[in-house]
Every structure is written in C-alpha cells, then in structure tokens.
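Novice: quick one, fold the following:
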Amino acid sequence: MAKVELKNLFKTYDKKILALEDINLTIEDGQFFVLLGPSGAGKTTTLRCIAGLEKIDSGSVLFDNEPVTDDQPASRDVSFVFQQFSLYPHYTVYENLAFPLRSPMRKLPEEEIYKKIENISKMLKISNKLKNKATELSGGEMQRVAIGRALVRRPNLYLMDEPLSSLDAKLRESLRVELKNIQTNLNATILYVTHDQAEATTLADKIGVLKEGKIVQIGTPEEIYENPNSIYVSQRLGSPKINVLPSSLFKINDNIPTIGIRPENILLGTGKYSGKVISIENLGSETVVAINFEGHEVLSSIQGAYKSSINETINFDINMNKVLTFNKEGDRINER
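Specialist: Below you'll find the predicted structure:
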C-alpha cells in the first residue's frame, strides 16, 4: 500500500473549463479516504488524474513521497472500481478474478492465483459463484466480483468511483459494511468517491468535501458533522437535513444572518417557541417531525416514537450550545 499526495493540482478541459483548482490532499498509508460532493464537483476527475488517465495542467501526484505525475497508468499500480460492473460477460467469475493476475507484467503461477482468488472470494462471499458466468449473476454479485478483481491484485492504491450507487438500498448497506471490514483486514489504501453521505460516514477514516473543483474541508466524519466550515459543508452530512434558518427567528444576534441547527438539537415538548406540525415521519428508531415556525420549516429528530398530529401546535426549544452560525457568504462564524 502507499501514501498518496496531491499538491497544487489543476486540471482544465478544452483550456477553459476548470475541473480541479489547487487540490491539496494527503491520503495516509492504510487509510480509507472518501471524496464527497454532488455531480460535477470533480470527484471522478480527481481519481482519473491520480490513475494517470487524465493529464494534469500543473501540480504533482506522489506515491510514498515519489513523484508519479508523468508515469504511465500501468506503472502506477492502482486498481480502479467503476460505477458500472465492467466484467467480461463470457468469462466465469473465477476467470474474471484471475484476469489481472495473469497479465504479462505479473506472470504468477496458477497455484498462487488460485490461493489469491480463494481468499478474496471468501471475503466477498462469492466462493459458490466461481464457476458461474458473469451474465448469470445478480447486480450485487457482479459488483462483488468487480470489487474482488480490484482487491485480488493488492496494488498501491484502490480507486473506487461510486461502486455501490447502482445497487438497491439493502445491498448498498451490506456491501458498505463488508467493504470497510475488508479494507481494515487488508490495511488497504482506498480513495472512494460518492455523493451519498451515508456511504461517506460509514466508510471514511477521513472525508474531503468537494465543491466546484475545490476541496473546501477535510476531516473525520465526526469533525465535519459537528464543525462544518460553511453552510455548503453542513448540508453534505446529516439525515434528516440540517435546519438553515435566519437567526432573527430566534433573536440570537443582529450581526449573525444565518444559523444552522441539526434536527436532534430541536427539542420538542417544552420551550419558548411554538409552531404547527406539518408532517410526522416514523422511521422506527426515530421520528422526524416537521414544524411550520414563522413561515419556515423546522425539522426535529426524536429517538423512538413521538405522539402528535398534523396541524397540532407544539412547543419547542433549541440547544443553544449546538447552534452553528454563518455569515452572509455562508461561511462559518465561530463566535456568537
């Protein structure tokens, strides 16, 4: 595995469309790093620049302190897992997994190939599918094979481009857990891109938040959730979504235009504020209540069940110690 660094990386398309702007990023050896952002933020372009599939305009890419900026993709020794499964349909699962190990650059004996495939297929729970053709697999099984084909090589770095996004919710959840466990067991260095905040918080040791080709914040999932540096970042993590409201609603400070309050910090039942219930969503372990307060929707998240009814007027308060404050540009103000 390898430590990966991006230094002052710029990338444009057609000499005018700025895709990446001054990207500075360090992924430690054995770290699971997630790039989080919406479509068009530059996530996939970053992966392609690291892999050598895109030529950068300026800046540098380093593996273990050694520059690889001008190296060909094959010499960088990275494995890429794409959103689409990218399997050879006429091959069996075993043959798909063996393919990268049989390249002329490796020349591994078949006995060693067999052992590697046996180990990785057990990890991914596809041992019973090794003789099946790729066309005989379900979507979840295909993606397990695609991930296995990347993992079996043990390269310097794994690059994963939203590999779970085409799967249904239940499969995504189970594969997230398995992928994190495998990464931990292998001590693998992974750079994973997604727009899904649940994937980011479940998988990441660290998250880099991307906006319009710039990294706007880096931190652990907990750091970014608790201390986002902008409204934009605060809205990337958290479900239900953060409440972003005019501070004048709560008479906090005339010099602070906007506040952010996580739904778990809207306290129902008592308090000096009141509003009408718009909706109640019982999710089993929690209940999300939406309130109309002075023409603004306020979301509250309560553990367990909550008894109320639509249009009922209820009182609530806010946990002032957890209020986030932002200036008119949407950047964080640390003092209230």
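Novice: CA only for contacts and neighbour counts going forward, please
Specialist: OK.
Novice: off-centre distance for the helix or strand N96 falls within?
Specialist: Using DSSP states H and E, N96 maps to helix 93-98. Helix 93-98 has its C-alpha centroid displaced from the chain centroid by 28 Å (C-alpha atoms, centre = their mean, to the nearest Å).
Novice: and if you look at stretch 92-109?
Specialist: Centre to centre, stretch against its chain (C-alpha atoms, centre = their mean), the figure for stretch 92-109 is 30 Å.
Novice: put the alpha carbons of that stretch into CSV.
Specialist: In CSV, the C-alpha atoms belonging to stretch 92-109 read as follows (Å, rounded to 0.1, in the frame of the first residue of the first chain):
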residue,chain,number,x,y,z
THR,A,92,-16.6,-17.2,-15.3
VAL,A,93,-16.3,-15.4,-12.0
TYR,A,94,-13.0,-17.2,-11.4
GLU,A,95,-11.7,-16.1,-14.8
ASN,A,96,-12.7,-12.5,-14.2
LEU,A,97,-10.9,-12.5,-10.8
ALA,A,98,-7.9,-14.2,-12.3
PHE,A,99,-7.6,-11.8,-15.3
PRO,A,100,-5.5,-9.1,-13.6
LEU,A,101,-3.2,-11.7,-12.1
ARG,A,102,-2.4,-13.3,-15.5
SER,A,103,-1.1,-10.2,-17.1
PRO,A,104,2.4,-10.4,-18.7
MET,A,105,3.7,-8.0,-16.1
ARG,A,106,2.9,-10.4,-13.2
LYS,A,107,3.4,-13.9,-14.5
LEU,A,108,2.0,-15.5,-11.4
PRO,A,109,1.9,-19.3,-11.2
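Novice: show me the helices in the chain, by range?
Specialist: 43-51, 73-76, 93-98, 110-123, 139-151, 169-186, 197-203, 221-226, 231-234 (DSSP state H).
Novice: right, so those helices: which one is the most enclosed?
Specialist: Of all the helices of the chain, helix 93-98 has the most neighbours on average by mean count of other C-alpha atoms under 10 Å, namely a mean of 24.
Novice: ok so, going back, and the contacts of the helix holding N96?
Specialist: With C-alpha atoms under 8 Å, 6 or more residues apart in numbering as the test, helix 93-98 has contacts from 87-88, 113, 117, 129-134, 145, 148-149, 152.
Novice: what is the nearest of these to G208?
Specialist: Closest approach to G208 among these (C-alpha to C-alpha): G148, at 25.3 Å.
Novice: now do the closest one against M142, distance only.
Specialist: Look at G148 and M142: by C-alpha to C-alpha, to the nearest Å, they are 10 Å apart.
Novice: before we move on, what about A169?
Specialist: Separation of A169 from M142 (C-alpha to C-alpha) stands at 16 Å.
Novice: and for D64?
Specialist: 33 Å.
Novice: what's the pLDDT at F85?
Specialist: For F85, the pLDDT comes out at 68.
Novice: can you check the one 5 residues further on too?
Specialist: Among the per-residue scores, H90 holds a pLDDT of 90.
Novice: quick one: it and E136 touch, right?
Specialist: No: taking contacts as C-alpha atoms under 8 Å, H90 lies outside contact range of E136: 10.2 Å.
Novice: just give me the longest strand of the chain.
Specialist: In the chain, assigned by DSSP state E, the strand with the most residues is strand 266-282.
Novice: no more questions from me, cheers.
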